[in-house]
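**Student:** make a model of this:
(chains A and B)
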There are 2 protein chains.
Amino acid sequence: MDSGTERYSILRLSGTGGGYVEDVVVRESALTIILNDHELTTLLCSPTDLRYLAIGFLFSEGLLKSKDEIKRITVDERRGVVRVETEGDGVPDGDAVFKRFITSGCGRGASFYSAADVQGQAKVESTLQVSASDVLALVQEFQHRSETFRATGGVHSAALCDARDILVFSEDIGRHNAIDKILGKCLLDGIAANDRIVVTSGRISSEILLKVVRRNIPLVVSKSAPTSLGLRLGADLGVTIIGFVRGKRMNVYTHDWRICRDAKQG
Amino acid sequence: MDSGTERYSILRLSGTGGGYVEDVVVRESALTIILNDHELTTLLCSPTDLRYLAIGFLFSEGLLKSKDEIKRITVDERRGVVRVETEGDGVPDGDAVFKRFITSGCGRGASFYSAADVQGQAKVESTLQVSASDVLALVQEFQHRSETFRATGGVHSAALCDARDILVFSEDIGRHNAIDKILGKCLLDGIAANDRIVVTSGRISSEILLKVVRRNIPLVVSKSAPTSLGLRLGADLGVTIIGFVRGKRMNVYTHDWRICRDAKQG
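**Tutor:** Next comes the predicted model:
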């Protein structure tokens, strides 16, 4: 059992009776992110990889551009606080930050699909192509890796992959957090994210799309569904979206030129 | 096909080949909520029941206490804006609102589990008891109702129920939104929520718990998992939490005195 789970005594009922048993539940904790002494936000998350989560979040929100800007990261696991100090001041003032966080910083709130926003967002530039059988193999490996999910049924997973292997893997109760964790680890550990593949257990919504676009990642794969706004962004910003990967089937929604159909059979 | 879905042309690949087909995807739209001329937040949601979603959200955030405070609700479906005008001014000023929305307003951000917060939150008072077979029957009916999910695989559902029937049902791409929609409808249409049951397709996390506690709802049921923080809040605030309802089985995590085990067999 990792630190992402804890034990809990429950009453388990079945058709024929029931009794008290010990079960495993997924942990949920608050993480407060402080950037240059400004308390930015508090996320609910799985209390693992807090450093990666904080850095990935700051990057996804456009508050951090590269590892070089980071002067110090202090993680207080007990209190659930990560402090990040950067070169310069690094925080837009008052209302601008708050506004940003209200409209796009939170898992729940984002209004970025205006023409102006998308014009400002650079398209993904990548000539990556992969075979359908590579995608199937990656998803199969991805599902084997998600141990907390198998124990508790309560977490999402995300992975950064190349066409052959999972390079970085994370779990979190939030699908946005799981992606921020892998992207934060890439940034801190110097793992290139461009030309790579993101596999996620969750739906491919607009917010997930914008996170991968910021890292110039051309391919997002899920066993779940995409949303209409995720697809519009993927089509406009050059991202290939694959959903409902199950067994040997998959749906390719956007930029299907990246998927080679006459693939080697794995 | 309802307004929660749209058609999309996709490349469907299988083990033996593939081709272009028309598929149905779940719609995702931005909804901006304006309270007394203050732009509060923009949610990503399914573009249905926007009026209920806005009112439920304001209630869940503590910015609205009762239907009597509402002077006017204006819904602009095309632009995705709901304006709510209330008696008095009704909006705490500047930083207080922003702060609130950063730390607890967003699906992703909440830091409310401090001793002080929970001491301030009234416990649920209800003597409701239901049989295990009633719970199983409600969940079965609930799963039959989720049409968009069956079409697209991309939405969450929530329902307010009594021990026999589903009274209010909603779908949304966000599990928080689906609950806010049912609670908003209750508030506007005068449907009592206290002593009722909430069934949700999603995980029972701390944020879901706090929404139901605000409406004095004593029982939350899901086929998915609860989180550790959801369970702590449920235990402390008097809410019975049932998870993993599948077939004839269920896990009762907190306040199991509300579930009668010697039930009539349905």
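
**Student:** CA atoms only for stretch A:216-232 - export them in PDB, please.
**Tutor:** What follows is stretch A:216-232, C-alpha atoms only, in PDB (Å, rounded to 0.1, in the frame of the first residue of the first chain):
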ATOM      1  CA  ASN A 216       3.900  20.900 -27.800                       C
ATOM      2  CA  ILE A 217       2.600  17.300 -27.300                       C
ATOM      3  CA  PRO A 218       0.900  16.100 -30.500                       C
ATOM      4  CA  LEU A 219      -1.000  13.000 -29.400                       C
ATOM      5  CA  VAL A 220      -3.400  12.400 -26.600                       C
ATOM      6  CA  VAL A 221      -4.900   8.900 -26.000                       C
ATOM      7  CA  SER A 222      -7.600   7.800 -23.600                       C
ATOM      8  CA  LYS A 223      -9.800   4.800 -23.000                       C
ATOM      9  CA  SER A 224     -12.500   7.400 -22.200                       C
ATOM     10  CA  ALA A 225     -14.400   9.900 -24.300                       C
ATOM     11  CA  PRO A 226     -13.400  13.300 -25.600                       C
ATOM     12  CA  THR A 227     -15.700  16.400 -25.300                       C
ATOM     13  CA  SER A 228     -16.800  18.600 -28.200                       C
ATOM     14  CA  LEU A 229     -14.600  21.500 -27.000                       C
ATOM     15  CA  GLY A 230     -11.600  19.300 -26.500                       C
ATOM     16  CA  LEU A 231     -12.100  18.100 -30.200                       C
ATOM     17  CA  ARG A 232     -12.400  21.700 -31.500                       C
END
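
**Student:** is there proximity between it and chain B?
**Tutor:** Yes: on the criterion C-beta under 8 Å from any C-beta of the partner chain, stretch A:216-232 is in touch with chain B at A:224-231. Glycine gets a C-beta too; all of them are placed from N, C-alpha and C.

**Student:** want to throw these into CSV with secondary structure and pLDDT?
**Tutor:** Shown next, in CSV, are those (DSSP: H, G, I helix; E, B strand; the rest coil; pLDDT from 0 to 100):
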residue, secondary structure, pLDDT
A:224, coil, 93
A:225, coil, 94
A:226, strand, 95
A:227, strand, 95
A:228, helix, 94
A:229, helix, 93
A:230, helix, 95
A:231, helix, 96
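
**Student:** mind checking what secondary structure residue A:24 has?
**Tutor:** Assigned by DSSP: H, G, I helix; E, B strand; the rest coil, the conformation of residue A:24 is strand.

**Student:** that one - how many residues pack around it?
**Tutor:** A count of nearby residues for residue A:24, using other C-beta atoms under 10 Å in any protein chain shown, gives 17.

**Student:** ok, it - contacts?
**Tutor:** By C-beta atoms under 8 Å, 6 or more residues apart in numbering or on different chains, residue A:24 lies in contact with A:1, A:5-8, A:151-152.

**Student:** can you check residue A:250 too?
**Tutor:** Residue A:250 neighbours (C-beta under 8 Å, 6+ apart): A:132, A:135-136, A:221, A:242-244, B:12-13.

**Student:** let's go with 7 Å and repeat that
**Tutor:** A:132, A:135, A:242, A:244, B:13 (C-beta atoms under 7 Å, 6 or more residues apart in numbering or on different chains).

**Student:** what pairs with it across the strands?
**Tutor:** With DSSP bridges applied, the residues forming beta bridges to residue A:250 are residue B:13.

**Student:** which residues of chain A fall in helices?
**Tutor:** A:50-60, A:94-100, A:115-120, A:132-145, A:147-152, A:175-189, A:206-214, A:228-237 (DSSP state H).

**Student:** is it possible to get a markdown table of the ones you listed that adds mean neighbour count and distance to residue B:65?
**Tutor:** Shown next, in a markdown table, are the helices of chain A (neighbours: other C-beta atoms under 10 Å in any protein chain shown; distance: least, C-beta to C-beta, whole Å):
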| stretch | mean neighbour count | distance to residue B:65 |
| --- | --- | --- |
| helix A:50-60 | 25 | 33 |
| helix A:94-100 | 15 | 24 |
| helix A:115-120 | 11 | 35 |
| helix A:132-145 | 18 | 46 |
| helix A:147-152 | 19 | 36 |
| helix A:175-189 | 25 | 31 |
| helix A:206-214 | 24 | 31 |
| helix A:228-237 | 23 | 33 |
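
**Student:** turn those helices into TSV, including distance to residue A:79.
**Tutor:** Below are the helices of chain A laid out as TSV (distance: least, C-beta to C-beta, whole Å):
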stretch	distance to residue A:79
helix A:50-60	11
helix A:94-100	22
helix A:115-120	35
helix A:132-145	30
helix A:147-152	23
helix A:175-189	18
helix A:206-214	27
helix A:228-237	35
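
**Student:** lowest average pLDDT across those?
**Tutor:** The minimum mean pLDDT among these belongs to helix A:94-100 (a mean of 45).

**Student:** quick one: residue A:31 and residue A:50 touch, right?
**Tutor:** Yes: taking contacts as C-beta atoms under 7 Å, residue A:31 lies within contact range of residue A:50: 5.7 Å.

**Student:** which residues are in contact with both of those two?
**Tutor:** residue A:82.

**Student:** who touches the nearest residue to residue A:255 once chain neighbours are set aside in this structure?
**Tutor:** Distance criterion C-beta to C-beta, 6 or more residues apart in numbering or on different chains; nearest residue to residue A:255, sequence neighbours excluded, is residue A:240 at 4.2 Å. Residue A:240 sits next to A:218-219, A:254-256, A:258-259 when contact means C-beta under 7 Å, 6+ apart.

**Student:** PyMOL command for the buried members of those?
**Tutor:** Buried residues within the contacts of residue A:240, by 16 or more other C-beta atoms under 10 Å in any protein chain shown, are selected in PyMOL with:
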select buried, chain A and resi 218+219+254+255+256+258+259
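
**Student:** what about the nearest residue to residue A:72 once chain neighbours are set aside, neighbour count?
**Tutor:** The shortest distance from residue A:72 to any non-neighbouring residue, by C-beta to C-beta, 6+ apart, is to residue A:85 (4.5 Å). Residues lying near residue A:85 (other C-beta under 10 Å) number 15.

**Student:** what's the pLDDT at residue A:85?
**Tutor:** What the model reports as pLDDT for residue A:85 is 96.

**Student:** likewise residue A:244?
**Tutor:** 95.

**Student:** equivalent analysis for residue A:88, please.
**Tutor:** 74.

**Student:** and the closest residue in space to it that isn't next to it in sequence, how many neighbours?
**Tutor:** Once flanking residues are discounted, residue A:88 sits nearest to residue A:69: 7.8 Å by C-beta to C-beta, 6+ apart. By other C-beta under 10 Å, 15 other residues sit near residue A:69.

**Student:** likewise the one 4 residues further on?
**Tutor:** Applying the criterion other C-beta under 10 Å, we find 15 residues in the vicinity of residue A:73.
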